[in-house]
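1. sequence unavailable; structure follows:
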């Protein structure tokens, strides 16, 4: 029984691992990067370095170099990548009212006229 709890907990963590704090989702292997407007974009690298320009990003274990527009570390220099928009699911916040009584004399009209 204990092993099932651990397995379920692990799956739950993995399913939500790519969800950004604003509710957007990045594809597997991508990283959510924050912008000055408090929305998030996706970097095409896992555990990426989000550049200070809020437009580009670099792979893990590299740093953003604004002067060369690249990602650098001690052994390499590669071009940095531009972030892409995170996917936002459109979840309906409304629901259909279900009448608890068939008596029409007790209808209630809500503030949104439903």
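-> Done, it's in. This one's a predicted model, so the numbers in the text were calculated from it and none came from an experiment.

2. now residue 50, nearest residue through space, not along the chain?
-> residue 33 (3.6 Å; Cβ to Cβ, 6 or more residues apart in numbering). Yep, even glycine has a C-beta here, placed from its N, CA and C like the rest.

3. okay, and the beta partners of the one you found?
-> Beta bridges link residue 33 to residue 41, judged by DSSP bridges.

4. residues in contact with it?
-> Residue 33 makes contacts with 40, 41, 42, 43, 48, 50, 54, 57, 83, as judged by Cβ atoms under 8 Å, 6 or more residues apart in numbering.

5. let's see 6 Å
-> 41, 43, 50, 57, 83 (Cβ atoms under 6 Å, 6 or more residues apart in numbering).

6. pick out the lowest-pLDDT one from those residues.
-> For those, the weakest pLDDT value sits at residue 83, with 90.

7. distance of that residue relative to residue 38?
-> Note on residue 83: its distance to residue 38, by Cβ to Cβ, to the nearest Å, is 15 Å.

8. swap in residue 62?
-> 26 Å.

9. list the contacts of stretch 80-91.
-> By Cβ under 6 Å, 6+ apart, stretch 80-91 touches 20, 24-26, 33, 40-44, 56-58, 70-71.
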